[in-house]
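>>> Sequence and predicted structure, then a few things I'm wondering about:
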Amino acid sequence: VDERGQVIGGVDAIRDIQAEHDALVALAESEERFRRSMMDAAIGMAMVGVDGRFVSVNPALCALLARDERTLMSSTWQELTHPDDLTTDASLVDDVFAGRRDTYRLAKRYLRPDGTVVWADLTVSGVRAEDGRLAHLMAQVVDITESVHAREALARSEEHFRLLAENSSDVVFRASSAAVLEWVSPSVMDVLGFAPREVVGAPVLDFVEPEDLPPDLHLDPRNTDTIDFVGRVRTAAGASLWMDIAARPVLGEDGSVIGRVGRLRDVQAQHDAQEALQRS
């Protein structure tokens, strides 16, 4: 501007902001990739605020917890957690807030609106601001309900068969692939006079009279045959009892023998009766 106030020209400044522009574009692209990876993930994912409320949830989490996005966004993780797991989860969150840990993993239960329980493998990570304050939590939730129920069913089944074995009048045993005793039922005390701890670790065939063994019997890890024969089994008192001896192999996923299970059944009375009949 001259002395009279008239514009006579201009002074311009051009500053290179390419780096800032590229950074903003890269940030936008990164945020879009994160958003897409979160929304398209097969597992449940959520961003949770420090007050416990959901900031962002993906469709997989909505399906897992049987709630729509709007309902979840108006809820807290505490409201959805099974009461029996709330204390443990809250304690771990407190550790993240206090900086004692950055992440944690927990198997916990969630409640659906109809009251059904969903077991989940939960992984939580803390995201902090530049000043170190906790900004929010990122949660990954994997549905493990079927596997938990399968483990529970297996445990019930194992307990059922354990009770059957422990209360059977037969001597039930489990052995290694090389036919070394690993477990034997308590009935071994009543039948043969041995305490279970006295026979565990010994080869099964050490208790059978050698002349009663089938000539083609080979209990090596490659033999997948089922064994069934009658022979004399040594007792703790040094005598022997005629017993029906049966065992079958336990196979691994590759078809190899990983162990054997079997039973010894007292047939002394039947054997004595047969001998008496023959003498008669």
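Now that the structure is in, tell me what you want to look at.
>>> Determine the three-state secondary structure at D272.
helix (DSSP: H, G, I helix; E, B strand; the rest coil).
>>> all helices of the stretch 1-150 of the chain, in order?
Defined through DSSP state H, counting those that start in this stretch, the helices belonging to the stretch 1-150 of the chain, from first to last, are 18-39, 59-65, 69-73, 77-80, 83-98, 145-166.
>>> Just say which of those is most tucked in.
helix 59-65 (a mean of 19; mean count of other Cβ atoms under 10 Å). For the C-beta atoms, the positions are set from N, CA and C on the backbone; glycine is no exception.
>>> What helices and strands are in contact with that helix?
With contacts defined as 3 or more Cβ pairs under 8 Å, 6 or more residues apart in numbering; DSSP states H and E, the secondary structure elements packing on helix 59-65 are strand 44-49, helix 69-73, strand 117-128, strand 134-143.
>>> The helices of the stretch 1-150 of the chain into TSV, with extra columns for distance to E3 and mean pLDDT?
Below are those laid out as TSV (distance: least, Cβ to Cβ, whole Å; pLDDT from 0 to 100):
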stretch	distance to E3	mean pLDDT
helix 18-39	40	77
helix 59-65	70	93
helix 69-73	64	91
helix 77-80	71	94
helix 83-98	66	93
helix 145-166	85	77
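>>> could those helices go into CSV alongside distance to R279?
Converted to CSV, these look like this (distance: least, Cβ to Cβ, whole Å):
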stretch, distance to R279
helix 18-39, 85
helix 59-65, 75
helix 69-73, 84
helix 77-80, 79
helix 83-98, 69
helix 145-166, 37
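>>> Relative to E198, which of those helices is closest?
In this view, the helices of the stretch 1-150 of the chain are compared for proximity to E198 by Cβ to Cβ, and helix 145-166 is the closest at 17.0 Å.
>>> Next SSE downstream of that closest one?
Under the assignment DSSP states H and E, the closest C-terminal helix or strand after helix 145-166 is strand 171-175.
>>> May I see the buried residues of that following strand?
Of all the residues in strand 171-175, those buried under the rule 16 or more other Cβ atoms under 10 Å are 171-175.
>>> And these, which is closest to T224?
Nearest to T224 out of the buried residues of strand 171-175 is A175 (Cβ to Cβ; 14.3 Å).
>>> which residues does that closest one contact?
For A175, the contacting residues are 181-182, 204, 247, 259-262, taking Cβ atoms under 8 Å, 6 or more residues apart in numbering as the criterion.
>>> now those: which count as buried?
Judged by neighbour count, with 16+ other Cβ under 10 Å as the criterion, the buried members of these are 181, 204, 247, 259-262.
>>> Of those residues, which is the nearest to G52?
Distances from G52 to these, taken as Cβ to Cβ, are shortest for G259 (49.3 Å).
>>> do you know how far the nearest residue to that closest one once chain neighbours are set aside is from S177?
Leaving aside its sequence neighbours, G259 sits nearest to V250 (Cβ to Cβ, 6 or more residues apart in numbering; 4.2 Å). V250 is 8 Å from S177, where distance means Cβ to Cβ, to the nearest Å.
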